[in-house]
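Student: Give me the fold of what follows.
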Amino acid sequence: MRVLIVTVGSWGDVAPYTGLGQRLAGAGHTVALATHARFEAAVTACGLGFRPLPVDPRDELASPDGQGLARAAGPAMEMARMARLARTFMPRLAQGIADAVRAAPVDALLAATLAEPVCHVLGDALDLPVVGAYLQPVTPTAGHPPLVASTRSLGAPANRLAGHLLRAAAEPLFAPAVAALRRELGLPRRVLSGPLALPRARTVVHGFSPRVVPRPADWPAGHRAEGYWWPAGPGPDWRPDPRLADFLDAGPPPVFLGFGSFVTTDAERLSRLLARACRLARVRGVIQAGWSGLHAEGPDLLTVAEVPHSWLFPRTAAVVHHAGAGTTAAGLRAGVPAVPVPVQLDQHFWAARLTALGAAPRPVPYRRLTAEALAAALRAAVTEPGHRARARSLAAALAGEDGARPVLAAVDRLARGRPG
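Tutor: The predicted model follows:
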């Protein structure tokens, strides 16, 4: 089959689909990935087709509205600021997804969470099957609170109610763009079921482990989660920067400190804070520049550009990160303790999961981040043996899972002419 995977967001929202795409291609399918143009080289290097989408996610996060999202004081304000941000790019993004789907023949769509509302419109208009392919558990459930509402369970009825309320709050982010696309395609007006609603696809597959987020008992039968979709690894000719290799060889395993797609307006301040925390905790550190352009150097500090997490993380003593879904998964896969520093949206959910699993001390929310607090968390992550033992145990369990299997099965059913 000709499969188009559609995803939007940061590299963490794209990377898992590169590995999933390779698995599908290995099973005989023709696979392309539709995502933001800045990721074209990384996607094509994996041997997958590429269809560009508009909007540069880094530019959006660096904008005044994007910075407002990072400073939001709670879930309600986060949703309000996310809505303001979405209004600036969602019409262009929806049209870009439509153009990408129509650019060449496609037999099936795999839609990431934020792309699903638009993909369902195109599926209706072009008679294409759509399979939900999610990196987060967004369906309302009694099993846990919604991703951006609370890090603690509200109780079964309240969890489910909060999930539906969040769905209702999210629908206006997509409704105008989706309504415009339906008019363009000649479809009748229809009430939008947003990305946090019960999807219209019969099959929704999730790229995370049920050991990390247990499958809720009230999920529909077609909702599956059997393991992570690991990003494609570096090519056979990839080699680490000699400075990084020398630094790793020059002393005990360092800690990794990186904030990935988070964009701060004061990279110098955050860089100094990370350097001071390493000094206070008496650990060596590798700082990843990321989208903020962090930088700090010294005898026990090194700054690096992009390095495959699958290669670097197993060589570290702990990983400090913003608790995005992708970096959280990479740390668990490596079997090293984490120090989660969540900034916004679902990052608080994943940070809480790491602590609940025993693979991390308590999160240090970015809004309350100080060098002293980070140093204390680092010491706990590095010196308390329970965190490392639990992280290693989880890594061993994750290695035995095959998260791509239900995706392959769903696509194979479609190829045989059966519903997804």
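
Student: Next up, the contacts around Met1.
Tutor: 29-30, 107-108, 411, 414-415 (Cβ atoms under 8 Å, 6 or more residues apart in numbering). All C-beta atoms are positioned from the backbone trio N, CA, C, and that covers glycine.

Student: quick one: the helices in the stretch 51-200 of the chain?
Tutor: Using DSSP state H, counting those that start in this stretch, the helices of the stretch 51-200 of the chain run over 57-62, 64-70, 75-102, 116-126, 156-184.

Student: hey, least reliable of these by pLDDT?
Tutor: Per-stretch mean pLDDT for the helices of the stretch 51-200 of the chain is lowest at helix 64-70 (a mean of 69).

Student: Next, format the contacts of Met1 as a markdown table and append distance to Val43.
Tutor: Formatted as a markdown table, the contacts of Met1 follow (distance: Cβ to Cβ, whole Å):
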| residue | distance to Val43 |
| --- | --- |
| His29 | 16 |
| Thr30 | 14 |
| Asp107 | 20 |
| Ala108 | 18 |
| Val411 | 19 |
| Leu414 | 23 |
| Ala415 | 23 |
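
Student: Number of residues surrounding Pro188?
Tutor: Residues near Pro188, counting by other Cβ atoms under 10 Å, number 7.

Student: Show the contacting residues for it.
Tutor: Arg182.

Student: From the chain's centre, how far out is the helix or strand hosting Leu270? Work that out for me.
Tutor: Here Leu270 is covered by helix 267-281, with elements defined by DSSP states H and E. Relative to its chain's centre, helix 267-281 lies at 25 Å (Cα atoms, centre = their mean, to the nearest Å).

Student: Can you tell me which helices and strands the next helix or strand after it packs against?
Tutor: Using DSSP H and E, the next helix or strand after helix 267-281 towards the C-terminus is strand 285-288. Judged by 3 or more Cβ pairs under 8 Å, 6 or more residues apart in numbering; DSSP states H and E, the packing partners of strand 285-288 are strand 255-257, helix 267-281, strand 301-304.

Student: In JSON lines: those, plus distance to Asp346 and mean pLDDT.
Tutor: Below are the helices and strands packed on strand 285-288 laid out as JSON lines (distance: least, Cβ to Cβ, whole Å; pLDDT from 0 to 100):
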{"stretch": "strand 255-257", "distance to Asp346": "21", "mean pLDDT": "98"}
{"stretch": "helix 267-281", "distance to Asp346": "21", "mean pLDDT": "97"}
{"stretch": "strand 301-304", "distance to Asp346": "26", "mean pLDDT": "98"}
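
Student: Show me the helices in the stretch 201-350 of the chain, by range?
Tutor: Secondary structure of the stretch 201-350 of the chain, counting by DSSP H, counting those that start in this stretch: helices at 242-249, 267-281, 309-312, 325-334, 347-356.
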